[in-house]
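*Asks:* A predicted structure for the sequence below; I have some questions about it.
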Amino acid sequence: MQHSMLDPSTDYYGIFHHLDETDLRAWERARKVGQRYVERVNADWEAARVDREVVRELGAQDLYTDGLEIEGHEQLTPLAAGLVSMELSRADGSLGTIHAIMGGLVLRSLLLYGSEEQQNRYVEGICRGELLGGFGLTEPDHGSDSVSLETSARVDGDEYVLNGQKRWIGFGANGDFTIIWARLEDGSIGGFIVDQNTPGYRGEVIEGKAVLRAVHQALITLENVRVPKSARLPGVSSFKDIARILSATRSSVAWAALGHAIACYESALEHAKTRIQFGRPLVKNQLIQHRLSVMLQSITSMVLHCKQLAVLDAQGCLEPEQASMAKGFCTSTAREVASDARDMLGGSGILLENHVVRHWGDLETLHTYEGTATIQELIVGRRITGVGAFV
């Protein structure tokens, strides 16, 4: 029996055939959520509206855990976690981003570095999709060089006082809390759980986005925001701790890019089969068949990258640089697939109802966040040459 949620014409090598039943069930749950959401996503996209129902639905299907071990929840294998990321982005980039923020960033931060009290207070709410959390790292002047963060935290009695700005923070303006990463007076790094109703915390939804319109990012301004010492994540002391989180999510971004590419390829193939031009279907043209074949080659290469990440992760030997290579390759390759698909659909390719243009645009964001493709290549370059070339 073939165990795959992909058509054989997409999973051309049968790489996802004969999956473990547990992995397949996780993929099926993500597929059901995605299929239901794609029916209404265009309305959310045009209105720049976050669908809180789908946030809760992801929680109800236990999809936020992202391979993490959480009492009372199924621990997904690295392969299952990757397939979930892929499938949600196959439906929509905003949906995949919601999943990445909540599970990949916020939940992972709490489980790796939070105190027992912090975990008891926040983890279950995130898992259920009942709480919205933000991951406040990127700043207006520090994106790829986030290690240079300028947001400050100083001790004042039994409290920390936070000052600075954060930018592009998912759910940073319309969530419940944000994990703010800041530099302490001794130069070390701290993570602080900040309720978004705290005096001095101001989150503004970034407007005018042309992509990822069904999830909100925020500009956060912190002006003498006071939090108790108990709000600090006790397990964090340096940027290496943050890098551990980012390395894990880079694998998820590679899988997400694969999902976007698959959606675009499938749309292009269906269009080519049904679109009649000059009295015959597009698929009867050699050039169309050539382009579809090249797209499939690209997708197959991405699948192999992602599958090997899962194998290495399951063996406990996945290196950050390997995740960087997959992230850079998959986002770059997916952009090419999406661009080709949009072109093949002609004028119809720019209509939301055909879905390709959403994926095409959203991939521009994936190509940038969690470190641009150029940064990923420099990370790999440093590993293979022993020389850093970031500055």
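*Replies:* Done, it's in.
*Asks:* remind me which helix or strand residue 332 belongs to.
*Replies:* Using DSSP states H and E, residue 332 sits in helix 320-344.
*Asks:* that helix - what's its average pLDDT?
*Replies:* In this model, helix 320-344 has a mean pLDDT of 95.
*Asks:* and stretch 289-308, by the same measure?
*Replies:* pLDDT averaged over stretch 289-308 gives 97.
*Asks:* on that earlier part again, okay, buried residues for the helix holding residue 332 please.
*Replies:* Within helix 320-344, the residues that qualify as buried are 320-335, 337-338, 340-342, 344, counting by 16 or more other C-beta atoms under 10 Å. Using the backbone N, CA and C atoms, a C-beta is placed for each residue, glycine as well.
*Asks:* ok, now which ones touch the residue nearest to the spatial centre of the chain?
*Replies:* The C-alpha lying nearest the average C-alpha coordinate of the chain belongs to residue 100 (C-alpha atoms, centre = their mean; 4.0 Å). Residue 100 makes contacts with 85, 249, 252-253, 256, as judged by C-beta atoms under 8 Å, 6 or more residues apart in numbering.
*Asks:* may I ask which of those residues has the most neighbours?
*Replies:* Neighbour counts for the contacts of residue 100 (other C-beta atoms under 10 Å) peak at residue 256, which has 34 neighbours.
*Asks:* quick check: that one is in a strand.
*Replies:* No. When the secondary structure is assigned by DSSP: H, G, I helix; E, B strand; the rest coil, residue 256 falls in helix instead of a strand.
*Asks:* show me the contacts for the nearest residue to it once chain neighbours are set aside.
*Replies:* Spatially, and ignoring its direct neighbours in sequence, residue 256 is nearest to residue 89 (3.9 Å; C-beta to C-beta, 6 or more residues apart in numbering). The neighbourhood of residue 89, defined by C-beta under 8 Å, 6+ apart, consists of 95-96, 255-260, 263, 362.
*Asks:* roughly how far does residue 89 sit from residue 262?
*Replies:* Using C-beta to C-beta, to the nearest Å, residue 89 is found at 9 Å from residue 262.
*Asks:* also residue 338?
*Replies:* Noted for residue 338: a distance of 11 Å to residue 262, by C-beta to C-beta.
*Asks:* got the angle between the host helix or strand of residue 378 and helix 320-344?
*Replies:* Taking DSSP H and E as the definition, residue 378 sits inside helix 373-385. Angle, helix 373-385 to helix 320-344, by axes from the mean of the first three to the mean of the last three C-alpha atoms, to 10 degrees: 140 degrees.
*Asks:* which strands and helices sit next to helix 373-385?
*Replies:* Under the contact criterion of 3 or more C-beta pairs under 8 Å, 6 or more residues apart in numbering; DSSP states H and E, the helices and strands touching helix 373-385 comprise helix 320-344.
*Asks:* helices or strands up against the helix or strand following the helix it packs on?
*Replies:* Toward the C-terminal end, the helix or strand that comes next after helix 320-344 (DSSP H and E) is helix 356-366. Packing contacts for helix 356-366, counted by 3+ C-beta pairs under 8 Å, 6+ apart, involve helix 41-47, helix 93-99, helix 239-274, helix 320-344.
*Asks:* let me know which of those is the nearest to residue 113.
*Replies:* Nearest of these to residue 113, taken as C-beta to C-beta: helix 239-274 at 6.4 Å.
*Asks:* which stretches of the chain have low pLDDT?
*Replies:* Counting by pLDDT under 70, the chain shows low-confidence ranges at 1-3, 143-146, 391.
*Asks:* okay, now the domains of it?
*Replies:* As recorded under automatic domain parsing, the domains making up the chain are 21-127, 134-231, 239-385.
*Asks:* Throw the ones you listed into JSON lines and include distance to residue 8, thanks.
*Replies:* Compiled in JSON lines, the domains of the chain are given as follows (distance: least, C-beta to C-beta, whole Å):
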{"stretch": "domain 21-127", "distance to residue 8": "16"}
{"stretch": "domain 134-231", "distance to residue 8": "31"}
{"stretch": "domain 239-385", "distance to residue 8": "11"}
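*Asks:* tell me which of those domains sits nearest to residue 12.
*Replies:* When the domains of the chain are compared (using C-beta to C-beta), the closest one is domain 239-385, at 5.5 Å.
*Asks:* what's the neighbour count on residue 44?
*Replies:* For residue 44, the count of nearby residues is 19 (other C-beta under 10 Å).
*Asks:* got a list of what it touches?
*Replies:* Applying C-beta under 8 Å, 6+ apart as the definition, the contact partners of residue 44 turn out to be 50-51, 94, 213-214.
*Asks:* hmm, residue 14 is touching residue 300, no?
*Replies:* No. If you go by C-beta atoms under 8 Å, residue 14 and residue 300 don't touch, sitting 10.6 Å apart.
*Asks:* who has more neighbours, the two?
*Replies:* Neighbour comparison, residue 14 and residue 300: the larger count goes to residue 300, with 15 against 11 (by other C-beta under 10 Å).
*Asks:* assumed that one was part of a helix.
*Replies:* Yes. Secondary structure of residue 300, determined by three-state DSSP: located in a helix.
*Asks:* all set, thanks.
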